[in-house]
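Colleague: fold the stuff below for me.
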Amino acid sequence: MTDVVTTERHQRRFGALLVVLGLVGFVGSMALTLERIWTLIDPSHVPSCSFNVFMTCGPAMESWQGSLLGFPNPVIGVAAFPVVVTIGVLLALAPSLRLPRWFWWVFLAGNVLGLALVVFLIHTSLYELAALCPYCMVVWTAMVPLAWYTFVHVWRTGVLGRGSEKSGLVRYRHLGLGVVVLVLLTWILLVLGDDIARTLG
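Modeller: Next up is the predicted model:
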């Protein structure tokens, strides 16, 4: 298989992945946005993502961390994830397309910022709110692999250096994501695991 065919195959797969993750992130962001609107209209409204004291969206939406830029954080996702989907469709349908280096730097920077926001909000949920927001976790589920696989893609294509299909980062990319997810899950369970278990029990 030639390098061109291999590159196009990977770009098509990456594009499809962007579409899936972008849609998941958009659904979670839109659900949160709608719940926030409904709670503003009707203060007595109980969000559909509120199940118990530890699994609830209310504290996250009401906290100052839930509106870092002066408006609800999920609005950022509602605006950003469709862009991810659009890029994914473009790459999947036109795998031979070569986007400029600056584009990938901007896209990677956006993903890094998104991931940083997710880590900040996880920290807030664990140490200040002591509650997990289910719809937020849907967004986290999209954002973490999105940032990881975007980094792997720009590494593979040489945006961050020479690029190589045989590099350890590329060959073990799925394992790398698994390690990241395991670290995040362990973090959550170490902080809130006992409380959640008592509630469920």
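
Colleague: for the longest helix seen in the chain, name the packing helices and strands.
Modeller: Counting by DSSP state H, the longest helix found in the chain is helix 3-41. Using 3 or more CB pairs under 8 Å, 6 or more residues apart in numbering; DSSP states H and E as the contact test, the elements touching helix 3-41 are helix 58-62, helix 74-93, helix 134-156. For glycine as for every other residue, the C-beta is placed from the backbone atoms N, C-alpha and C.

Colleague: can you find the helix or strand in this structure with the smallest mean pLDDT?
Modeller: Least confident element among the helices and strands of the chain, by mean pLDDT, DSSP states H and E: helix 168-171 (a mean of 82).

Colleague: who touches the residue most central in space within the chain in this structure?
Modeller: Against the mean C-alpha coordinate of the chain, by CA atoms, centre = their mean, the closest residue is M143 at 0.9 Å. Taking CB atoms under 8 Å, 6 or more residues apart in numbering, we find M143 in contact with 25, 111, 114-115, 118.

Colleague: most surrounded residue in these?
Modeller: Neighbour counts for the contacts of M143, by other CB atoms under 10 Å, peak at G25, which reaches 26 neighbours.

Colleague: isn't it right next to V139, touching?
Modeller: Yes. At 5.4 Å, G25 and V139 qualify as touching, with contact defined as CB atoms under 8 Å.

Colleague: which neighbours do those two share?
Modeller: Shared contacts of G25 and V139 (CB under 8 Å, 6+ apart): G77.

Colleague: burial count for W38?
Modeller: W38: 14 surrounding residues under other CB under 10 Å.

Colleague: now do the same end-to-end measure for stretch 85-100.
Modeller: 18 Å (CA to CA, to the nearest Å).

Colleague: distance between it and the chain's centre?
Modeller: Distance of stretch 85-100 from the chain centroid (CA atoms, centre = their mean, to the nearest Å) equals 20 Å.

Colleague: neighbouring contacts of that stretch?
Modeller: Under the criterion CB under 8 Å, 6+ apart, residues 4, 7-9, 11-12, 14-20, 22-23, 26, 107 lie in contact with stretch 85-100.

Colleague: what mean pLDDT does that stretch have?
Modeller: Per-region confidence: stretch 85-100 scores 92 on mean pLDDT.

Colleague: quick one: low-confidence parts of this protein?
Modeller: The model of the chain has pLDDT under 70 over residues 1-5, 162-166, 199-201.
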